[in-house]
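Chemist: Sequence isn't available, so here's the structure alone:
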């Protein structure tokens, strides 16, 4: 359900941006949003993985490729551990959404300028 809301929000943002802005403005805003998403999402996403590993590694064996699907490890977390990783998980998710929306808006702006 959350994924559907995110996709519809991104499409709505792109449609609004296309209706309001010029192609060069769209590309600039899209790249700025993409950059903001990277600045926000990469460090917090990295720290989420570090904190998750520290919480889970003491309880169970962690596979070599755990970082490809880290949410599978959430079942091993206590309530206190979940509270500890939740801010990093959510802020990293916001950064990811900003990257996706920014990338789509930048691509739309570049395509419209052709």
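Modeler: All right, it came through fine. Please read these numbers as outputs of a predicted model, since none were measured by experiment.

Chemist: Give me the mean pLDDT for stretch 53-60.
Modeler: Here stretch 53-60 scores 91 as its mean pLDDT.

Chemist: Could you list the buried residues of stretch 81-89?
Modeler: Across stretch 81-89, burial judged by 16 or more other Cβ atoms under 10 Å covers 81, 85, 88, 89. (Glycine included, C-beta is placed from N, CA and C.)

Chemist: Please produce JSON lines containing those, extended by secondary structure and pLDDT.
Modeler: Output for the buried residues of stretch 81-89, formatted as JSON lines (DSSP: H, G, I helix; E, B strand; the rest coil; pLDDT from 0 to 100):
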{"residue": "81", "secondary structure": "helix", "pLDDT": "92"}
{"residue": "85", "secondary structure": "helix", "pLDDT": "93"}
{"residue": "88", "secondary structure": "helix", "pLDDT": "93"}
{"residue": "89", "secondary structure": "helix", "pLDDT": "91"}
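
Chemist: and which of these is nearest residue 48?
Modeler: Within the buried residues of stretch 81-89, proximity to residue 48 (Cβ to Cβ) peaks at residue 88, which comes in at 3.7 Å.

Chemist: which outside residues touch stretch 42-53?
Modeler: For stretch 42-53, contacts defined as Cβ atoms under 8 Å, 6 or more residues apart in numbering pick out 62, 66-67, 70, 73-74, 77, 84-85, 88-89, 91-92, 95-96.

Chemist: ah, wrong one, I meant stretch 23-30
Modeler: When contacts are defined by Cβ under 8 Å, 6+ apart, stretch 23-30 is touched by residues 17-18, 21, 101-110, 112-113.

Chemist: Which two among these are spaced furthest apart?
Modeler: Farthest apart among the contacts of stretch 23-30 by Cβ to Cβ are 101 and 113. That separation is 18.8 Å.

Chemist: Now residue 39. Nearest residue, chain neighbours left out?
Modeler: Distances taken as Cβ to Cβ, 6 or more residues apart in numbering put residue 95 closest to residue 39, at 7.8 Å, once the chain neighbours are dropped.

Chemist: Good, wrapping up.
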